[in-house]
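Chemist: Predicted model, plus sequence, below.
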Amino acid sequence: MALNNVLESAARLRPWIEPLIKSTTALDIMTHSLGGRVALQALNRPNGQGPSILSLVLTAPAVRCSAFGAGREFDPERIAAERIAVLHSIRDRVLRKIFVPAEGGRALGCFGPDLLPT
């Protein structure tokens, strides 16, 4: 159910972001928790082409660590952002108690990205 809400929210957000990207010199987006997944989905470009925001800041994102990285669900090369920052804390009790059991994996907001070597 939450994933359906994320996809629906991302689809609603995308039409708001695209004109802003085209009409401004710099646009930054800062998210928290599940909003990080919504923003990543809204800014995800399958072909990696098109205009980008300047910065995407993910604060305690409710996203699996394994979903973020080259060739993964949220490949930074396909996200319409010139820079992506992940603010995470191993002490985030909410993500550890709720996200980890529900998703069955490590939360990006707790552990940071598991990046593939380049």
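Modeler: Nice, I can see it.
Chemist: Excluding chain neighbours, what is closest to Val38?
Modeler: Distance criterion Cβ to Cβ, 6 or more residues apart in numbering; nearest residue to Val38, sequence neighbours excluded, is Ser9 at 4.7 Å. For glycine as for every other residue, the C-beta is placed from the backbone atoms N, C-alpha and C.
Chemist: how close does the one you found sit to Thr24?
Modeler: 22 Å (Cβ to Cβ, to the nearest Å).
Chemist: again, but for Leu7
Modeler: 26 Å.
Chemist: right, and Gly105 touches Cys65 too?
Modeler: Yes - in terms of Cβ atoms under 8 Å, Gly105 counts as a neighbour of Cys65; the distance is 6.8 Å.
Chemist: List the single closest residue to Ile21 in space, sequence neighbours excluded.
Modeler: Pro51 is the one closest to Ile21 (Cβ to Cβ, 6+ apart), at 4.5 Å.
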